[in-house]
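Student: Quick one: sequence and predicted model below, then my questions.
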Amino acid sequence: MPRKSPNQLYWESLDRERLVDEYNSFLRDNGYENTPHHADLFVTRKGMVGMKARDAIEALSGGLPPFYD
């Protein structure tokens, strides 16, 4: 697997930062705490599915909800 270019890494970091900002706004707007369940709700509302959703939940909340898999 070829290494990613610095340019690719930069744009991916901006995408991750944007996702975290959106998630924090979602939590603040709805009065939620940062939990795996609320991260799951966030990615479901964004229409993420599969491994992308799983990775996003882990990145946003630090873990998966019980019995997620």
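Tutor: Cool, the structure landed.
Student: residue nearest the centroid of this protein?
Tutor: residue 56 (2.9 Å; C-alpha atoms, centre = their mean).
Student: What's the mean pLDDT across the helix or strand harbouring it?
Tutor: Here residue 56 is covered by helix 50-61, with elements defined by DSSP states H and E. Across helix 50-61, the average pLDDT comes to 89.
Student: Need the contact partners of it.
Tutor: The contact list for helix 50-61, computed with C-beta atoms under 8 Å, 6 or more residues apart in numbering, reads 16, 19-20, 23, 34-36, 38-40, 42-44, 48, 63-65, 68. Glycine gets a C-beta too; all of them are placed from N, C-alpha and C.
Student: Buried ones among the residues you listed?
Tutor: Buried by 16 or more other C-beta atoms under 10 Å: 19, 23, 36, 38, 39, 40, 42, 43, 48, out of the contacts of helix 50-61.
Student: In this structure, which residue sits furthest out from the middle?
Tutor: Ranking residues of the chain by C-alpha distance from their mean position (C-alpha atoms, centre = their mean) puts residue 2 at the top, at 24.8 Å.
Student: Give me the three-state assignment for that one.
Tutor: State at residue 2, reduced to three classes by DSSP: H, G, I helix; E, B strand; the rest coil: coil.
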